[in-house]
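All I have is the shape, not the residue letters:
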Ligand SMILES: [Zn+2]
């Protein structure tokens, strides 16, 4: 009997211990959400970033102004703020693009955006017949006889039935990224790419493309989904129509620039670092609000919330606003090199670069024991609508840390609308919800605080 009593006592003691640990976590998380949801600092900071420095391509004046402004904004909440030097590659769009569909005497001007990294057409512009394809296999089938001297029109649309639009982006981006190089191999003189989005409008969406040195570099532009549909219809009626494009884009000399880094020093193990970041550069159309002004502001809010709430993290919390995610990732490469040079332990790296819609979960890449610990945190986040705890975490900037076996996480917002804004004039401050932005900041901060508190990745 006595033994039974003792057992009951021990079990209830343990149970109370568990309950109170969970209670403490819940209280801490609700304190973080309360501060984030009752403050407009993040929203005002995003407004400043978008409206004062809307065009932030690496190497541009816009991005250097943005770095200085965000430096001033974050300084009051950090123990240290510094600029990490990088040499930025500098691609410039130049004069506004011209694109004209010519059918006999009829001329129809349409909106176009040169792809990032593309060469220009020269002042005279470029006029040629057009051949439409949907895959590299079709291109190969047409061969030199079908393609020589023409413009190749890549018109492979994203499938709207896919509930993961990012997966469709992955399936269709080949035509934008490698399209010019592949078409030039068969003698094409230029490429026209359907925008990678499902939104039926007249806004073209740009993005990075690549050349290889052994194949001639030909100009590449994106046109909107509606214009792509119309061009396709026109081609079916009149395969000898012509297309005219004039672009003034060019690569300029490299420019000295920076990653912006700010830290709150750890209280117990300051040499271990949690990196949280987004990218400060953006495309030169729209305002880079969802991509990735939001990710920058989420990361800045992590420091503001920890500072304001006087949370004492065990480890150093380091915000990094990476330079040049969109084109050549010079910022992320430099940061990873620097971590290696210092032989620094990055306990975890978290990226926010999937837009500013309602947060619904996290993805995590880590070893199996660490992944299990990450999963254990889920019940704390479910009350806030954060239900998806999945594997396969990371992001373009933090993936450079992968070979150091750093656990990589990214916050997952609802993915349905992201490609409506992505890389286009649609990506403006007004398209970001105040509430979703606050929830994103709170969620990412709470995750960092819990991973640190529970030593989940030890
Ligand atoms: Zn981005």
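Arrived safely. Small disclaimer: the values here were computed from a predicted structure and weren't measured.

tell me which parts of the stretch 301-450 of the chain are close to the ion?
Neighbours of the ion within the stretch 301-450 of the chain, by CB under 5 Å from the ion: residue 353. C-beta coordinates here come from the backbone N, C-alpha and C atoms, glycine included.

ranges for the strands of the stretch 301-450 of the chain?
315-322, 345-351, 359-365, 388-391, 408-413 (DSSP state E, counting those that start in this stretch).

mind checking which of those is nearest residue 453?
Shortest distance between residue 453 and the strands of the stretch 301-450 of the chain, using CB to CB, is found for strand 315-322: 10.0 Å.

Parallel or antiparallel, which strands does that closest one pair with?
Strand 315-322 pairs in its sheet with strand 250-264 (antiparallel), strand 269-279 (parallel), by DSSP bridges.

tilt between that strand and strand 345-351?
Angle of strand 315-322 versus strand 345-351, following axes from the mean of the first three to the mean of the last three CA atoms, to 10 degrees, is 50 degrees.

before we move on, the earlier item: please identify the most buried of the strands of the stretch 301-450 of the chain.
Highest mean neighbour count of these: strand 315-322, a mean of 27 (counted as mean count of other CB atoms under 10 Å).

any idea of the mean pLDDT for that strand?
The average pLDDT within strand 315-322 is 98.

rewinding a little: can you say which of the strands paired with strand 315-322 is packed in most?
strand 269-279 (a mean of 23).

and residue 106, backbone torsions?
Dihedral pair for residue 106: phi -80, psi 130, per degrees, to the nearest 10.

what about it, neighbour count?
10 (other CB atoms under 10 Å).

Can you tell me how far the residue lying closest to residue 40 once chain neighbours are set aside is from the ion?
Closest residue to residue 40 apart from its sequence neighbours, by CB to CB, 6 or more residues apart in numbering: residue 434 at 7.4 Å. Using CB to the ion, to the nearest Å, one obtains 21 Å as the distance from residue 434 to the ion.

repeat for residue 244
For residue 244, the distance to the ion - CB to the ion - is 32 Å.

if I pick that residue, what's in contact with it?
98, 99, 100, 102, 125, 126, 127 (CB atoms under 8 Å, 6 or more residues apart in numbering).

re earlier: how about JSON lines for the strands paired with strand 315-322, with mean pLDDT added?
Conversion of these to JSON lines gives the following (pLDDT from 0 to 100):
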{"stretch": "strand 250-264", "mean pLDDT": "98"}
{"stretch": "strand 269-279", "mean pLDDT": "98"}
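
between these, which one is nearest to the ion?
strand 269-279 (5.6 Å; CB to the ion).

So what's the gap between the closest one and the chain middle?
Relative to the mean C-alpha coordinate of its chain, strand 269-279 is positioned 18 Å out (CA atoms, centre = their mean, to the nearest Å).

what's the answer for stretch 329-342, then?
Distance, centroid of stretch 329-342 to centroid of chain: 18 Å (CA atoms, centre = their mean).

try stretch 313-320
21 Å.

who touches it?
So stretch 313-320 is contacted by 74, 78, 259-277, 299-300, 302-303, 306, 335, 347, 397, 448-449, 452-453, 455 (CB under 8 Å, 6+ apart).

Would you format the strands paired with strand 315-322 as TSV with distance to residue 82 included?
Shown next, in TSV, are the strands paired with strand 315-322 (distance: least, CB to CB, whole Å):
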stretch	distance to residue 82
strand 250-264	5
strand 269-279	14
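
right, and those - which one's nearest residue 158?
strand 269-279 (23.0 Å).

ok so, going back, for the contacts of residue 244, pick the one with the most neighbours.
That'd be residue 99 among those, by other CB under 10 Å, with 23 neighbours.

Across the sheet, point out what pairs with it.
Under the criterion used (DSSP bridges), residue 99 bridges to residue 110, residue 245.

For the residue of the stretch 1-150 of the chain found nearest the ion, the count of nearby residues, please.
Going by CB to the ion, the ion is nearest to residue 56 of the stretch 1-150 of the chain, at 11.2 Å. Residue 56 is flanked by 29 other residues according to other CB under 10 Å.

ok so, going back, touching, the residue nearest to residue 40 and residue 41? I think so.
No. Residue 434 sits out of contact with residue 41 when judged by CB atoms under 8 Å, with a separation of 11.7 Å.

where does the stretch 1-150 of the chain have low pLDDT?
In the predicted model of the stretch 1-150 of the chain, residues 1-20 satisfy pLDDT under 70.
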